[in-house]
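got a structure for you, letters missing:
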């Protein structure tokens, strides 16, 4: 397990969460032909930051093992990562974001339905989320390789 890989994975997860939030905001804005309110960006970011931090920190710590496995196993890993992120964002992330952003109590929400539909969304969005997860996993492994091979003097901030 690589501590440097875990740190790179955590930094990568923040950048990936910002990127995914921005892309999601553009898709939603253009599909409804209106400007997305800034609160939507904050809400989506809060929904995905925790699962991204967990998933990409673990993947960054294990990047040497991930790099050595065959392609089919990489697809399975990225599919599991994508399912975890989408399911968390659709269930716990959605409820937490609702509580943080709007400050409402959860008693006026159908929490059971949100949980059930979060798992359903995880499966339904898997054909879209798995290739994105695969691409992010490849980018993470490349970033980890770059920082693992470099010396402290080589990295300019």
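That came through, no problem. Keep in mind it's a predicted model, so treat the numbers as computed, not measured. Numbering: from 1, shown residues only.

so where's this structure shaky on pLDDT?
Low-confidence regions of the chain, defined by pLDDT under 70, span residues 1, 28-39, 104, 106, 150-157.

For it, just list every one of the helices.
Chain-ordered helices for the chain, with DSSP state H as the definition, fall at 3-31, 38-61, 63-68, 71-90, 92-97, 111-124, 126-149.

can these go into a markdown table with extra columns for distance to residue 103 and mean neighbour count?
Placement of C-beta: from N, CA and C, glycine included. As requested, the helices of the chain are arranged in a markdown table below (distance: least, Cβ to Cβ, whole Å; neighbours: other Cβ atoms under 10 Å):
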| stretch | distance to residue 103 | mean neighbour count |
| --- | --- | --- |
| helix 3-31 | 21 | 17 |
| helix 38-61 | 12 | 20 |
| helix 63-68 | 39 | 16 |
| helix 71-90 | 20 | 19 |
| helix 92-97 | 11 | 18 |
| helix 111-124 | 16 | 14 |
| helix 126-149 | 30 | 17 |
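
Distance to residue 105 for the ones you listed - can I get that in a markdown table?
Compiled in a markdown table, those are given as follows (distance: least, Cβ to Cβ, whole Å):
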| stretch | distance to residue 105 |
| --- | --- |
| helix 3-31 | 26 |
| helix 38-61 | 17 |
| helix 63-68 | 42 |
| helix 71-90 | 20 |
| helix 92-97 | 11 |
| helix 111-124 | 11 |
| helix 126-149 | 31 |
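
give the contact list for the spatially closest residue to residue 117 that is not a sequence neighbour.
Distance criterion Cβ to Cβ, 6 or more residues apart in numbering; nearest residue to residue 117, sequence neighbours excluded, is residue 90 at 6.9 Å. For residue 90, the set of contacting residues under the criterion of Cβ atoms under 8 Å, 6 or more residues apart in numbering consists of 114, 117-119, 121-122.

between these, which is closest to residue 59?
Sorting the contacts of residue 90 by how near they are to residue 59, with Cβ to Cβ, puts residue 122 at the top with 18.2 Å.

Contact partners for the closest residue to the closest one other than its chain neighbours?
Nearest in space to residue 122, with sequence neighbours left out and distances taken as Cβ to Cβ, 6+ apart, is residue 87 at 3.6 Å. If a contact means Cβ under 8 Å, 6+ apart, then residue 87 has 118-119, 121-122 as its contacts.

Now distance to residue 18 too, for these, in JSON lines please.
What follows is the contacts of residue 87, written out as JSON lines (distance: Cβ to Cβ, whole Å):
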{"residue": "118", "distance to residue 18": "22"}
{"residue": "119", "distance to residue 18": "26"}
{"residue": "121", "distance to residue 18": "22"}
{"residue": "122", "distance to residue 18": "22"}
